[in-house]
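Engineer: sequence and computational prediction follow.
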Amino acid sequence: MEETNENPIEFNTRIDLKNLQEAVQQIKNELGKIIVGQQDMIELLILSILADGHSLIEGVPGVAKTVTAKLLAKTMNVGFSRIQFTPDLMPSDILGTSVFNIKTSEFEFKKGPIFSNIILIDEINRAPAKTQAAMFEVMAERQITIDGIENKMQAPFLVFATQNPIEQEGTYALPEAQLDRFLFKINVGYPSLEEEVKILEGHHQRKNVVATDAIQPVLDAAQIAEYQETIKSIIIEDNLLKYIASIVNNTRNNGNLYLGASPRASIAIMNASKALAAINGRDFVTPDDIKKVTPAVLRHRIILTPEREMEGFTTEKAVLQIIETIEIPR
């Protein structure tokens with residue numbers, strides 16, 4: 001007599017994740033109206049929102065880096081600012097400046113575009129070091145100190161930044177300290193042939209419809225805060241915490257690497273894997289969650305030795321090698 005078991009693995013979640021999952025699917029559906037493919041980029045950006053972390057998006061021009069981040073911001077009913085970084089951009093152009101008010105005979109602080117919820121920085125590597133340094137405090141501590149006064153950023157506060165890896169003229173490499181403040185570095189590639197055909201068909205059929213007009217808001221600030229709190233409650237076993245620590249520790253004792261990852265990377269892997277578990281309907285983290293998010297968390301936090309770099313080795317390969325060498329907890 002044969003036994004029928006349609007669902008061999010079933011579990012009851014201790015945390016209600018139904019609303020969170022539905023919201024994530026709604027966001028994907030809204031973006032799917034305009035964006036063809038790029039599922040990895042979209043998922044990582046959603047994870048960065050849930051894990052309350054910033055993301056750096058790198059890819060050649062024209063692969064929908066900026067438009068995806070802009071449309072994702074449109075799915076959230078919160079403030080949005082787009083800042084185009086240029087070589088002549090000054091810190092005050094971003095943060096704001098004190099202006100003398102003749103009526104009150106006092107200086108008033110006029111807030112810059114950084115005072116919003118979702119910040120899209122286009123071509124972040126085009127601004128000089130002084131302007132990059134202005135981003136350090138706000139990205140790490142969600143506050144800005146102007147004239148000795150702390151100005152707290154309103155939650156949610158997330159930075160999505162894009163950069164072009166090919167064009168080097170007029171660009172400045174981001175300092176390692178700033179790169180470390182990004183939860184993810186998302187690499188965006190070219191679409192497949194089939195996807196490119198769909199892109200052409202979509203543009204042809206939309207005609208005069210503006211892309212942003214087709215996107216409807218899914219989440220508000222209160223819901224985002226609620227889901228970010230839910231992520232913190234996702235369960236992660238002690239052996240998985242040790243697994244994360246072992247991966248990051250290996251980057252510091254690796255012959256291929258000149259610079260390893262900091263404890264901030266360990267925390268980033270933990271938070272991102274919790275978010276991935278949640279959008280997959282689980283209230284607990286698995287080793288696969290950790291393995292999936294680790295490359296995006298580590299690729300911008302490690303530096304190859306000059307010898308390995310000259311050989312054409314990449315940080316991506318280094319991270320994958322490390323993941324393969326660390327024993328998976330059972």
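Structural biologist: Done, it's in.

Engineer: let me see the contact set for the spatially most central residue of the chain.
Structural biologist: In the chain, the C-alpha nearest the mean C-alpha coordinate belongs to residue 55, at 2.6 Å (Cα atoms, centre = their mean). Each residue near residue 55 by Cβ atoms under 8 Å, 6 or more residues apart in numbering is listed here: 44, 45, 48, 158, 159, 160, 161, 182, 183, 184, 185, 186. (Glycine included, C-beta is placed from N, CA and C.)

Engineer: strands - which of those residues land there?
Structural biologist: 158, 159, 160, 161, 182, 183, 184, 185, 186 (DSSP state E).

Engineer: list the contacts of the last one.
Structural biologist: Contacts here follow Cβ under 8 Å, 6+ apart; on that basis residue 186 touches 40, 41, 44, 45, 55, 56, 57, 58, 296.

Engineer: correct me if wrong: the second one contacts residue 67.
Structural biologist: Put plainly, it is residue 41. No: the criterion here is Cβ atoms under 8 Å, and residue 41 misses it with residue 67 at 11.2 Å.

Engineer: these two: which has the busier surroundings?
Structural biologist: Applying other Cβ atoms under 10 Å to residue 41 and residue 67 shows that residue 41 carries more neighbours, namely 26 against 16.

Engineer: packing partners for the helix or strand that one falls within?
Structural biologist: Assigned by DSSP states H and E, residue 41 belongs to helix 39-50. Under the contact criterion of 3 or more Cβ pairs under 8 Å, 6 or more residues apart in numbering; DSSP states H and E, the helices and strands touching helix 39-50 comprise helix 18-32, strand 54-58, helix 65-74, strand 158-163, strand 182-187, helix 221-232, helix 263-279.

Engineer: chain center to it: distance?
Structural biologist: Its chain's average C-alpha position is 7 Å from that of helix 39-50, according to Cα atoms, centre = their mean, to the nearest Å.

Engineer: could I get the average pLDDT for that helix?
Structural biologist: Confidence over helix 39-50 (mean pLDDT, whole number) is 91.

Engineer: check stretch 278-288 too.
Structural biologist: The average pLDDT for stretch 278-288 rounds to 91.

Engineer: name the residues of it that are buried.
Structural biologist: For stretch 278-288, the buried set under the neighbour-count rule, 16 or more other Cβ atoms under 10 Å, comprises 278, 279, 282, 283, 284, 285, 286, 287.

Engineer: how about those in a markdown table, adding secondary structure and distance to residue 251?
Structural biologist: A markdown table is the format used below for those (DSSP: H, G, I helix; E, B strand; the rest coil; distance: Cβ to Cβ, whole Å):
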| residue | secondary structure | distance to residue 251 |
| --- | --- | --- |
| 278 | helix | 26 |
| 279 | helix | 27 |
| 282 | coil | 27 |
| 283 | coil | 29 |
| 284 | strand | 26 |
| 285 | coil | 20 |
| 286 | coil | 22 |
| 287 | helix | 18 |
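
Engineer: CSV for the residues you listed, including distance to residue 122?
Structural biologist: Shown next, in CSV, are the buried residues of stretch 278-288 (distance: Cβ to Cβ, whole Å):
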residue, distance to residue 122
278, 30
279, 27
282, 35
283, 37
284, 38
285, 34
286, 36
287, 36
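
Engineer: shaky segments in the stretch 101-250 of the chain?
Structural biologist: 167-170, 208-212 (pLDDT under 70).

Engineer: show residues contacting stretch 119-126.
Structural biologist: 56, 66, 69-70, 73, 80-87, 89, 113, 132, 157-164, 170-174.

Engineer: which among these count as buried?
Structural biologist: Buried among those (16+ other Cβ under 10 Å): 56, 66, 69-70, 73, 80-83, 85, 89, 113, 132, 157-164, 171-172, 174.

Engineer: how about residue 296, nearest residue that isn't a chain neighbour?
Structural biologist: In space, and not counting its chain neighbours, residue 296 is closest to residue 184: 4.3 Å by Cβ to Cβ, 6 or more residues apart in numbering.

Engineer: tell me which residues touch that neighbour, please.
Structural biologist: Residue 184 touches 44, 47, 48, 53, 55, 56, 272, 293, 296, 297, counting by Cβ under 8 Å, 6+ apart.

Engineer: what about 7 Å?
Structural biologist: 44, 48, 53, 55, 56, 296, 297 (Cβ atoms under 7 Å, 6 or more residues apart in numbering).

Engineer: over to residue 187?
Structural biologist: Counted by Cβ under 7 Å, 6+ apart, residue 187 has contacts 58, 59.

Engineer: what's in contact with the helix or strand containing residue 203?
Structural biologist: In this assignment (DSSP H and E), residue 203 forms part of helix 193-206. Helix 193-206 is contacted from outside by 36, 37, 191, using Cβ under 7 Å, 6+ apart.
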